[in-house]
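*Asks:* curious how this folds, go ahead:
(2 chains)
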Amino acid sequence: MSSHSIDQNAPAILAEVRPADVPRPALVEHHRDFHWITEKICGIVEGKTPVWWWWCFGVATFVASFTVAGLIYLVATGVGVWGHANPVNWAWDIVNFVFWIGIGHAGTLISAILCLLRQKWRTSINRPAEAMTIIAVICAAIFPVFHVGRIWFAVLPGFLFPFPNANAIWQNFRSPLEWDVFAVSTYGTVSVLFWYIGLLPDLGTLRDRFTAAGNMLKARLYGFFAMGWRGSNRQWSNYEMAYLILAGIATPLVLSVHTVVSFDFAVALIPGWHTTIFPPYFVAGAIFSGFGMVLTLMLPLRAIYRLEDLITQYHIDCMCKIILATGTMVGYAYSMEFFIAWYGANPYEGFTFINRAFGRYDWAYWIMVSCNVITPQFFWFKWVRQNTTLVWILCIFVNVGMWFERFVIIVTSLARDFLPSSWGYYSPSIVEIFTFFGTFGVFSALFLLFIRFLPVMPMSEIKSVIPAADPHGAHKH
Amino acid sequence: MKKAYGLVAAFDTTPDFFHACEQVRDAGFSQWDALTSFPVHGLDAAMGIRRSKVPRFSLAGGIIGFCTGMSLIWWTGAWEYPLIVGGKPYFSPMFAFPISYELTILFTAFATITGMFVLNKLPMHYHPVMKAPQFVRALDDRFYIVIEANDPKFNPAQTRTLLEQIGGKDIAEIEE
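*Replies:* Numbering: from 1, shown residues only, chains lettered A, B, ... in the order given. Predicted coordinates:
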């Protein structure tokens, strides 16, 4: 309720003190109406494919071919083509996996947690953010699936999914790695379902517009996926309930996914991994990196399609503040890890942290600290948040920093474990570098397909937050 | 001559539409519907629709999911091939919990969506209102009230008058 709806039940003092009327920032600027929103969003899908799109798609698929080539080479040759060797038997594959999964988390945060918290600004960014989630999960899944080498064993007989192996032995359900299989595949599935349910009404709009325009092929195609949605309020009633429940279950899901990912490390005994701070620290880091990627994608999208009325400065401010909050949490976790390593008086733990900051991987550690701790602090300043170019550059630093965070955690701890005789230094092989580099192409290509063929923003949700949507008239709120 | 499905009236603003729905509800119609491009806040009450039954599906799905996780891990580890791993018990709800938790969520999601589709009778690619030429604006910027001809209170002339009285525009008949 806004401050100016003073009714009879309000305390009498309110009439005397007359609280200031603080206007809420408009979620859609320039008083756009329902039809403008439909035309704007559908226009992107219905219009001719822009030239820049073909250029970007060409570059993206070229970059993606590095991943394809790297994976074909890996399957044909063996996992040895990656640079893993004792003692670092886990490196870029798990780093990249955690990096991409973490990026996905912002999409679910926006679509589920902000939905439960009734944050209306989520409406114009939730669709692209959810698309980002799904694509990021696809990029993440590449690594655990391919690190088994003979990928046809990933499913049956199960290296990953629960099927007995050749000796009739089942998976070890005590292992966090097996929990991860369930967490990530559930996360991917629920994200797709949630995204699809959100798309349903908008696909209906596209179907009707293509039907009216006489393009029956596209009308049938979009109509097939719209499932006969007709905007009846009897449908909306069930739809809204289903959406709310999905938001309600996606919230504990997203928190559990990165918690389980952090268990991959926290349950092990390696110094630097075996800490209870990992679950909240990983979840905060995931949301931090995810919002970095949301802004990295959203700011160019906003500029190219002139979406400034829908992704307003208020939206950018909100996202920057979340980056600031979660980035500060991550910074706190870094310092608390150091403190506990000293306070816990465990010499191995203490050595690990000194080694992280001043050992042979110190360059990675200081890249991580400068990107993740210093960068977000710029978002305290309004002039920084209002400069979209600067915001975009800072978000790139966030992305880089969060990749290095996973690298530092995983590689430094493994390279210097308990026995000095087994110490080593890990460097990635060229195949690893190419495979990871290519995932950015996979990600970009899929995202480009999304913005070309699907409504980039949830029209029905944006319509419901503009003043004209209020059944009691805009003036009364 | 095709059979008439019902009468449709258009509305341009949310408040007009909202109050019109309240009046149709108060006139005692049961076989009628309101078409809108976005969920209007409070419209369920204005139409007299009861709370959605989707949560029943969700609850059933969640319970089945949790039991699936627990029984899968118990059956594989303690019954089908008991194997000592790390000196730990064959089965404990503790280590079985994370997977059961994820499966609870997975099955709840499937059940919720199934429930939504079943209760909404989707997919239904043909519906009389979708054939009407004005329908293209129902998922764009206009609001419609459709009163079906098989409603016991339906009377072509009187219902048309009612729709006019409550502010409906472009009142037209839809064929089956």
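
*Asks:* alpha carbons only for contacts and neighbour counts from here, please
*Replies:* Will do.

*Asks:* I figured A:Ser237 hits B:Ser52, correct?
*Replies:* Yes. In this structure, A:Ser237 is within contact of B:Ser52 by C-alpha atoms under 8 Å, at 6.3 Å.

*Asks:* to the chain's geometric centre, what's the distance from the helix of greatest length in chain B?
*Replies:* If you go by DSSP state H, chain B has its longest helix at helix B:93-119. Once both centres are worked out by C-alpha atoms, centre = their mean, to the nearest Å, helix B:93-119 turns out to sit 20 Å from its chain's centre.

*Asks:* which other helices and strands does it contact?
*Replies:* For helix B:93-119, the packing partners by 3 or more C-alpha pairs under 8 Å, 6 or more residues apart in numbering or on different chains; DSSP states H and E come out as helix A:176-213, helix A:233-266, helix B:54-74.

*Asks:* dump those helices to JSON lines, plus distance to B:Asp151, mean pLDDT and mean neighbour count.
*Replies:* Below are the helices and strands packed on helix B:93-119 laid out as JSON lines (distance: least, C-alpha to C-alpha, whole Å; pLDDT from 0 to 100; neighbours: other C-alpha atoms under 10 Å in any protein chain shown):
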{"stretch": "helix A:176-213", "distance to B:Asp151": "27", "mean pLDDT": "93", "mean neighbour count": "22"}
{"stretch": "helix A:233-266", "distance to B:Asp151": "16", "mean pLDDT": "93", "mean neighbour count": "22"}
{"stretch": "helix B:54-74", "distance to B:Asp151": "26", "mean pLDDT": "96", "mean neighbour count": "20"}
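
*Asks:* what's the angle between the longest helix of chain B and helix A:233-266?
*Replies:* 160 degrees (axes from the mean of the first three to the mean of the last three C-alpha atoms, to 10 degrees).

*Asks:* who does the helix or strand that comes right after helix B:93-119 touch, helix- and strand-wise?
*Replies:* Once helix B:93-119 ends, the next helix or strand along the chain (criterion: DSSP states H and E) is helix B:128-131. When contacts are defined as 3+ C-alpha pairs under 8 Å, 6+ apart, helix B:128-131 packs onto strand B:169-175.

*Asks:* identify each buried residue in the strand it packs on, please.
*Replies:* B:171, B:173-175 (16 or more other C-alpha atoms under 10 Å in any protein chain shown).

*Asks:* likewise stretch A:370-384?
*Replies:* Going by neighbour count (16+ other C-alpha under 10 Å), the buried part of stretch A:370-384 is A:371-379, A:384.

*Asks:* pick the one among those residues closest to chain B.
*Replies:* When those are compared for distance to chain B (C-alpha to the nearest C-alpha), A:Asn372 wins out at 29.9 Å.

*Asks:* ok, and the closest non-adjacent residue to that closest one?
*Replies:* Distances taken as C-alpha to C-alpha, 6 or more residues apart in numbering or on different chains place A:Gly401 nearest to A:Asn372, at 5.4 Å, with adjacent residues excluded.

*Asks:* residues in contact with the one you found?
*Replies:* A:Gly401 is in contact with A:367-372, counting by C-alpha atoms under 8 Å, 6 or more residues apart in numbering or on different chains.

*Asks:* rebuild the residues you listed as CSV, extending it with distance to A:Gly228.
*Replies:* CSV is the format used below for the contacts of A:Gly401 (distance: C-alpha to C-alpha, whole Å):
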residue, distance to A:Gly228
A:Ile367, 52
A:Met368, 49
A:Val369, 51
A:Ser370, 52
A:Cys371, 48
A:Asn372, 47
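
*Asks:* how about the residue positioned nearest the centre of chain B, phi and psi?
*Replies:* Computing the C-alpha centroid of chain B and ranking residues by C-alpha atoms, centre = their mean puts B:Asn120 first, at 4.3 Å. Main-chain torsions, B:Asn120, degrees, to the nearest 10: phi -90, psi 0.

*Asks:* test my guess that it contacts A:Ser237.
*Replies:* No. B:Asn120 is beyond contact range of A:Ser237, at 9.2 Å (criterion: C-alpha under 8 Å).

*Asks:* dump the buried residues of strand B:169-175 to JSON lines, plus pLDDT and distance to chain A.
*Replies:* What follows is the buried residues of strand B:169-175, written out as JSON lines (pLDDT from 0 to 100; distance: C-alpha to the nearest C-alpha, whole Å):
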{"residue": "B:Ile171", "pLDDT": "87", "distance to chain A": "18"}
{"residue": "B:Glu173", "pLDDT": "86", "distance to chain A": "18"}
{"residue": "B:Ile174", "pLDDT": "87", "distance to chain A": "15"}
{"residue": "B:Glu175", "pLDDT": "84", "distance to chain A": "16"}
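
*Asks:* which positions in stretch A:32-45 come out as buried?
*Replies:* A:34, A:37-38, A:40-42, A:44-45.

*Asks:* of these, list those near chain B.
*Replies:* Taking C-alpha under 8 Å from any C-alpha of the partner chain as the test, chain B is in contact with A:34, A:38 out of those.

*Asks:* for A:Ile393, find the nearest of the helices and strands packed on helix B:93-119.
*Replies:* Checking the helices and strands packed on helix B:93-119 against A:Ile393 by C-alpha to C-alpha gives helix A:233-266 as the closest, at 26.1 Å.

*Asks:* can you list the residues of the stretch 51-200 of chain A near chain B?
*Replies:* Within the stretch 51-200 of chain A, the residues that sit near chain B (C-alpha under 8 Å from any C-alpha) are A:168-170, A:172-174, A:179, A:182-183, A:186, A:189-190, A:193, A:197.

*Asks:* dump the C-alpha coordinates for stretch A:214-228 into PDB.
*Replies:* Backbone C-alpha positions of stretch A:214-228 (Å, rounded to 0.1, in the frame of the first residue of the first chain) are rendered in PDB as follows:
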ATOM      1  CA  GLY A 214      -2.100 -14.500 -42.100                       C
ATOM      2  CA  ASN A 215       1.300 -16.200 -41.300                       C
ATOM      3  CA  MET A 216      -0.300 -19.600 -40.600                       C
ATOM      4  CA  LEU A 217       3.000 -21.500 -40.300                       C
ATOM      5  CA  LYS A 218       4.300 -19.400 -37.500                       C
ATOM      6  CA  ALA A 219       0.800 -19.200 -36.000                       C
ATOM      7  CA  ARG A 220       0.700 -23.000 -35.800                       C
ATOM      8  CA  LEU A 221       4.200 -23.200 -34.400                       C
ATOM      9  CA  TYR A 222       3.700 -20.600 -31.600                       C
ATOM     10  CA  GLY A 223       0.200 -21.900 -31.200                       C
ATOM     11  CA  PHE A 224       1.400 -25.400 -30.600                       C
ATOM     12  CA  PHE A 225       3.500 -24.300 -27.600                       C
ATOM     13  CA  ALA A 226       0.900 -21.800 -26.400                       C
ATOM     14  CA  MET A 227      -1.300 -24.900 -25.800                       C
ATOM     15  CA  GLY A 228      -4.500 -23.000 -26.600                       C
END
